[in-house]
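Colleague: Dropping a prediction and its sequence here:
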Amino acid sequence: MGLFSRYTLFGLLKLTFSYLYTKVFFPKARIIRLPFDIRGKRFVEIGSRFTTGVGCRIEAFPIDQKSTVLRIGNNVQINDYVHITAVSNVKIGNNVLMASKVYISDSTHGSYSGNSLDSHPESIPIDRPLTYENVVIADNVWIGEHVSILPGVSIGRGTIIGANSVVTKSLPEYVIAVGIPAKPIKRFNLTTQHWEKYYEKV
């Protein structure tokens, strides 16, 4: 299917402008569709063949004001309105695919762990000290529409996260996880080469 059958004339003009922007500012990327908002670019590493949809927002504001805190591997594709924010360490592996409106963050305003550091609900949310934990997404992960990935989460290689899930705890490799909070429902059996029902080890 040719470009002219997939896009209107206006769409082709936008695509051309996005392509030129990509080659000037992100020469290793495949295409970054505009508008694209990147804040703290010097604290971000992006691999080759990076692709975005429209309206994506990437933020890197390191706690120490000098470290690279967001690393994106090769051949990563994120679709429309993905929002990724990092203050400590967010690492996204190679060949990761994200649907639209995905949110990934290694930090939150305040502490809610049930200890002496807890934030008071009457304090102003934006003034609460940031708490943060690393986020790691391994190679070949596929993240569905409207998924949120919260601080302290690791996602294993080849795992799939279903639409509208909220990932609050780490997930092993080669599983399909869904829900709020996200839990594995299937695992790929490397021996049989089939997806099978997931049974959590007791």
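Modeller: Perfect, I can see it now.
Colleague: if you average pLDDT over stretch 157-170, what comes out?
Modeller: Stretch 157-170 comes out with an average pLDDT of 98.
Colleague: what does stretch 84-99 give?
Modeller: Mean predicted confidence for stretch 84-99 is 98.
Colleague: same question, stretch 18-28
Modeller: 96.
Colleague: So which bits of that stretch are buried?
Modeller: By 16 or more other C-beta atoms under 10 Å, the buried positions in stretch 18-28 come out as Ser18, Tyr19, Tyr21, Thr22, Phe26. Heads up, the C-betas are built off the backbone N, CA and C, glycines and all.
Colleague: possible to save these as JSON lines with distance to Lys41 and secondary structure?
Modeller: Shown next, in JSON lines, are the buried residues of stretch 18-28 (distance: C-beta to C-beta, whole Å; DSSP: H, G, I helix; E, B strand; the rest coil):
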{"residue": "Ser18", "distance to Lys41": "17", "secondary structure": "helix"}
{"residue": "Tyr19", "distance to Lys41": "19", "secondary structure": "helix"}
{"residue": "Tyr21", "distance to Lys41": "13", "secondary structure": "helix"}
{"residue": "Thr22", "distance to Lys41": "14", "secondary structure": "helix"}
{"residue": "Phe26", "distance to Lys41": "9", "secondary structure": "coil"}
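Colleague: May I see these organised as TSV, with distance to Asn95 added?
Modeller: Compiled in TSV, these are given as follows (distance: C-beta to C-beta, whole Å):
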residue	distance to Asn95
Ser18	22
Tyr19	22
Tyr21	24
Thr22	19
Phe26	18
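Colleague: so which of the residues you listed comes closest to Phe61?
Modeller: Nearest to Phe61 out of the buried residues of stretch 18-28 is Phe26 (C-beta to C-beta; 19.8 Å).
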